[in-house]
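**Q** coordinates only, sequence not included:
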């Protein structure tokens, strides 16, 4: 544990401060050492991969899943070409990919990272 007080140039270990050196021994005798938990990252977007995958499979031809994930540019392109059924085929494949990708990779791409209009 590092400590600092007025007059010190930097933080130093508690054991090196004469007034506090005996406290370190007492703390070691009574306090258990607990593992430090990693902080949980905060989701900036809060999107669900299951919701995105289901949207892609069932109404993906309209680009609804793209709008849901923040890629409104691709959503507009899907709407423009909906009459060709190509967006429906591509969205079905995307739905399978979204549902099978790991939670970490989905969160990295759509929740923690910045999503632009043309994020694939």
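**A** Sure thing, it's come through. The shown structure was predicted, so the numbers you read here are calculated from the model rather than taken from an experiment.
**Q** going forward, measure contacts between C-alpha atoms and count neighbours the same way
**A** Noted.
**Q** just the strands in the protein please.
**A** Remark: strands assigned in the chain by DSSP state E are 2-3, 12-13.
**Q** Domain ranges for the protein, per the record?
**A** Domain assignment of the chain by automatic domain parsing yields the ranges 1-35, 49-112.
**Q** what's the least confident stretch among these?
**A** The minimum mean pLDDT among the domains of the chain belongs to domain 1-35 (a mean of 73).
**Q** longest helix of the protein?
**A** helix 86-100 (DSSP state H).
**Q** Sort out which residues of it are buried, please.
**A** Buried residues in helix 86-100, counted by 16 or more other Cα atoms under 10 Å: 87-88, 90-92, 94-95, 98-99.
**Q** what would those look like in TSV with distance to residue 61?
**A** Putting the buried residues of helix 86-100 into TSV (distance: Cα to Cα, whole Å) gives the following:
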residue	distance to residue 61
87	5
88	4
90	8
91	6
92	8
94	11
95	11
98	15
99	17
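**Q** Switch the strands of the chain over to CSV, and while doing so, append mean neighbour count and distance to residue 103 to every line.
**A** Output for the strands of the chain, formatted as CSV (neighbours: other Cα atoms under 10 Å; distance: least, Cα to Cα, whole Å):
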stretch, mean neighbour count, distance to residue 103
strand 2-3, 12, 37
strand 12-13, 14, 40
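**Q** out of those strands, which comes closest to residue 118?
**A** Among those, the nearest to residue 118 by Cα to Cα is strand 2-3 (47.7 Å).
**Q** partners of that closest one in the sheet?
**A** Applying DSSP bridges, strand 2-3 is found paired with strand 12-13 (antiparallel).
**Q** So what touches the strand it pairs with?
**A** With Cα atoms under 8 Å, 6 or more residues apart in numbering as the test, strand 12-13 has contacts from 1-4.
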